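Trainee: Test case, fold it:
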Amino acid sequence: MKTSSEGIALIKRLEGCSLKAYPDATGYSIGYGHYGVSAGLVISQEEADMLLEGDLARFEAAVNRLANITPLSQNQFDALVCLSYNIGTANFQNSTVARLIRERGAAPTAGLRTAWLLWIKSRNPQTGALEVNQVLVHRRNEEYDHYSGNDNLKKKTADDSSSPVDSIGNGYHCNLK
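Mentor: Numbering: from 1, shown residues only. Next up is the predicted model:
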C-alpha cells in the first residue's frame with residue numbers, strides 16, 4: 001500500500017513545515033521533519049514536498065510489513081504511517097500498537113487507543129526528563145481518530161489554524177495545501 005493524499009495531508013498538518021533548517025533532538029531537520037541536514041540550509045516548497053515523498057517510502061515499508069500479517073484499510077494504513085513517521089520505524093515495529101494489531105487484528109479497540117496514547121512524551125531539553133507533550137497528545141488523538149475512521153480530515157485543510165502544532169518560528173513556512 002501507499003499513503004493516500006488524505007494521509008499525506010494528515011502528516012503535513014501534524015508535522016508542520018519549515019523551509020529553513022531548524023534544530024531538533026538529533027541535529028537539524030527541514031521541510032516536514034526530514035532530518036540529518038546542515039544548519040542554515042534553505043529549500044523550496046517543491047523540495048520540501050519531494051523530501052516528504054522520499055521519506056515516506058521507509059515508513060510505508062514498515063507499515064506494509066504489518067499489513068502483510070493483518071489487512072488494513074486505507075485510513076488505518078495512513079494513520080500508522082503517520083505514527084511511524086513521527087516515532088521512527090524501529091519504535092513503531094516494536095510498539096504495543098503494532099503488537100496488538102499483529103495479535104488481535106486491525107479493528108479499533110480501547111486497548112489499541114490506549115497503546116497509541118503511550119507515545120505522548122518527549123524529552124524536556126532543560127531537564128532531560130520525559131514529559132507529557134500536549135502537541136503529541138493532540139497528534140496521537142488525531143492519528144487514532146483517522147485510524148478508526150472517526151476523523152473529519154476531509155473537512156480540515158492542511159493549514160488549519162486550530163491545530164496546536166507549534167510553528168517553527170524562523171519565518172520560512174511551507175505552503176501546507
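
Trainee: for this protein, where's the lowest mean pLDDT among helices and strands?
Mentor: Each helix and strand of the chain was given a mean pLDDT (mean pLDDT, DSSP states H and E); the minimum falls on strand 121-123 at a mean of 90.

Trainee: Contacts for that one, please.
Mentor: 25, 129-133, 136 (Cβ atoms under 8 Å, 6 or more residues apart in numbering). (Each C-beta comes from the backbone N, C-alpha and C, glycine too.)

Trainee: Direction included, what does the helix or strand following it pair against?
Mentor: Next along the chain after strand 121-123, taking DSSP states H and E as the criterion, comes strand 130-132. With DSSP bridges as the test, strand 130-132 is paired with strand 121-123 (antiparallel).

Trainee: Mind listing what's buried along the partner strand?
Mentor: Residues of strand 121-123 include none that count as buried (16 or more other Cβ atoms under 10 Å).

Trainee: do the same with stretch 81-98
Mentor: 81-87, 92-93, 95, 97-98.

Trainee: In this protein, mark out all the helices, start to finish.
Mentor: Taking DSSP state H as the criterion, the chain contains helices spanning 5-15, 45-67, 74-87, 89-93, 96-104, 110-116, 134-148.

Trainee: circling back to that earlier point, can you put the buried residues of stretch 81-98 in TSV and add distance to S122 and pLDDT?
Mentor: Converted to TSV, the buried residues of stretch 81-98 look like this (distance: Cβ to Cβ, whole Å; pLDDT from 0 to 100):
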residue	distance to S122	pLDDT
V81	20	98
C82	17	98
L83	15	98
S84	17	97
Y85	15	96
N86	10	94
I87	11	95
F92	16	97
Q93	20	95
S95	16	96
V97	18	97
A98	20	96
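
Trainee: Reformat those residues as TSV; add distance to Q45.
Mentor: Shown next, in TSV, are the buried residues of stretch 81-98 (distance: Cβ to Cβ, whole Å):
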residue	distance to Q45
V81	22
C82	21
L83	25
S84	24
Y85	19
N86	21
I87	26
F92	28
Q93	32
S95	32
V97	32
A98	33
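
Trainee: Out of these, flag the one nearest to T3.
Mentor: Distance ranking of these against T3, using Cβ to Cβ, places V81 first at 5.1 Å.

Trainee: Count residues in the vicinity of K12, would you?
Mentor: 24 (other Cβ atoms under 10 Å).

Trainee: before we move on, the earlier item: now for the buried residues of stretch 81-98, which pair is the farthest apart?
Mentor: Every pair of the buried residues of stretch 81-98 checked by Cβ to Cβ; the farthest is C82 and Q93, at 15.3 Å.

Trainee: ends of stretch 85-100, how far apart?
Mentor: With Cα to Cα, to the nearest Å as the measure, stretch 85-100 spans 19 Å from end to end.
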